[in-house]
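Student: Kindly return the folded structure for what I paste below:
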Amino acid sequence: MKKLLLLLLFPTTLCAQEEEPPKQYNHSIYGEFLGNGGGFSINYERIFHLNEKWQLIPRAGISYVPVFDGFAAIPFELTVVNKKLEFGIGATPSGAWGWETLKYIRIGYRSVDKSGLLFRIAFTPWFEKDGYGGILIRPSGGISVGKSF
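Tutor: Predicted structure coming up:
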């Protein structure tokens, strides 16, 4: 009787549901409205998983904005992501008023669901020379939607 009671109180096998680890995607393609492309840009990212929390993500894209007689931009960026927060620096050569390169930073939110749907929203201020030896900071932001695979 004691043995039966012990078996009922302290079972020898435990049932537990194993949690599936999140899928790690290595590539992303997405469209970004505003942000560092200047209007609407198409971008590609290669994702390097440094550990469970950190990712290093280089990015390149292309943009064409049909205002001011139209201009092209080629955004480049290097971003680090900690879970869902992203921090990056980049440069965008742009042909808006002759070719010049605008520099910027990124502070944003990034989410990728189980199906690979990518969503980003970020503050991306630009830094440029003001012609008097100073630097202008132009507030900007962007929103992105795409696919990670």
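Student: Helices of this protein, start to end?
Tutor: 2-9 (DSSP state H).
Student: low-confidence ranges in it?
Tutor: For the chain, the stretches with pLDDT under 70 are 1-22, 68-69, 96-98.
Student: partner residues bridging the most centrally placed residue in it?
Tutor: The chain has residue 110 as the residue nearest its centroid, 5.3 Å off, counting by C-alpha atoms, centre = their mean. Beta bridges link residue 110 to residue 120, judged by DSSP bridges.
Student: Just give the nearest non-adjacent residue to residue 36, would you?
Tutor: Once flanking residues are discounted, residue 36 sits nearest to residue 75: 4.5 Å by C-beta to C-beta, 6 or more residues apart in numbering. The C-beta positions use only the backbone N, C-alpha and C, and glycine is treated the same way.
Student: count of residues packed around the one you found?
Tutor: Residue 75 has 25 neighbours, counted by other C-beta atoms under 10 Å.
Student: pretty sure it contacts residue 37?
Tutor: Yes. Here residue 75 lies in contact with residue 37, judged by C-beta atoms under 8 Å, at a distance of 4.9 Å.
Student: Now the common contact residues for the two.
Tutor: Jointly contacting residue 75 and residue 37 under the rule C-beta atoms under 8 Å, 6 or more residues apart in numbering are 43, 61, 63, 92.
Student: Out of those residues, which is nearest to residue 119?
Tutor: residue 43 (13.7 Å; C-beta to C-beta).
Student: Okay, the nearest residue to the closest one once chain neighbours are set aside and residue 142: tell me how far apart.
Tutor: Spatially, and ignoring its direct neighbours in sequence, residue 43 is nearest to residue 61 (3.4 Å; C-beta to C-beta, 6+ apart). Distance, residue 61 to residue 142, by C-beta to C-beta, to the nearest Å: 11 Å.
Student: Now for the two: what residues contact both?
Tutor: Counting by C-beta under 8 Å, 6+ apart, the residues touching both residue 61 and residue 142 are 32, 37.
Student: before we move on, back to that, return the residues in contact with the residue nearest to residue 36.
Tutor: With contact set as C-beta under 8 Å, 6+ apart, residue 75 has these partners: 35, 36, 37, 41, 43, 59, 60, 61, 63, 90, 91, 92.
Student: How about residue 138?
Tutor: Per C-beta under 8 Å, 6+ apart, neighbours of residue 138: 125, 126, 127, 128.
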